[in-house]
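> Okay, predicted coordinates and the sequence, questions at the end:
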Amino acid sequence: MTIKPIKTYKDYQNALKRLELIFDSRKGSPDGDELEILGILIEKYEDAHFPLGFPDPIEAIKFRMEQMGYTQTDLAKIVGLKSRASEILNKKRKLSLEMIRLLHQSLKIPTEVLIQDYE
């Protein structure tokens, strides 16, 4: 097992290739140990070079509503009016601070997602 830091994109590509080769290794075996360490190194490289941003706030609301089986009527109960819920989902109305608080409490969407600017 020869493991070294992943410093370049080429190192990253080589690490991914190696990971693919040893992916089904048994835990506790030499290849299994290499797999575990390689996974940590790859994750560290990806976090530094391919950071993921937050999702669009309205898309996050729609996704969470779908997960919870909520309808626009259910959203209206949170934000006050059915017309307001429609305007929010169609991005015709921006989220107010109070709406963000209510959505965070009711749908458990992180406020960091809800406070983002969107088109």
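Sure, I can see it.
> Identify all contacting residues around the helix or strand Leu19 falls within.
Remark: Leu19 resides in helix 9-22, with elements defined by DSSP states H and E. Contacts to helix 9-22, defined as CB atoms under 8 Å, 6 or more residues apart in numbering, come from residues 4-6, 31-32, 34-35, 38-39, 41-42, 45-46, 49. Where C-beta positions appear, they are placed from N, C-alpha and C, glycine not excepted.
> In terms of distance to Gln105, which of those residues ranks first?
Glu46 (32.7 Å; CB to CB).
> How many residues are close by that closest one?
14 (other CB atoms under 10 Å).
> buried ones in the helix or strand harbouring it?
In this structure, Glu46 sits in helix 30-49 according to DSSP H and E. Residues 31, 34-35, 38, 41-42, 45 are the ones in helix 30-49 that count as buried (16 or more other CB atoms under 10 Å).
> Report the angle between the helix holding Leu19 and helix 30-49.
Relative orientation of helix 9-22 versus helix 30-49 (axes from the mean of the first three to the mean of the last three CA atoms, to 10 degrees): 140 degrees.
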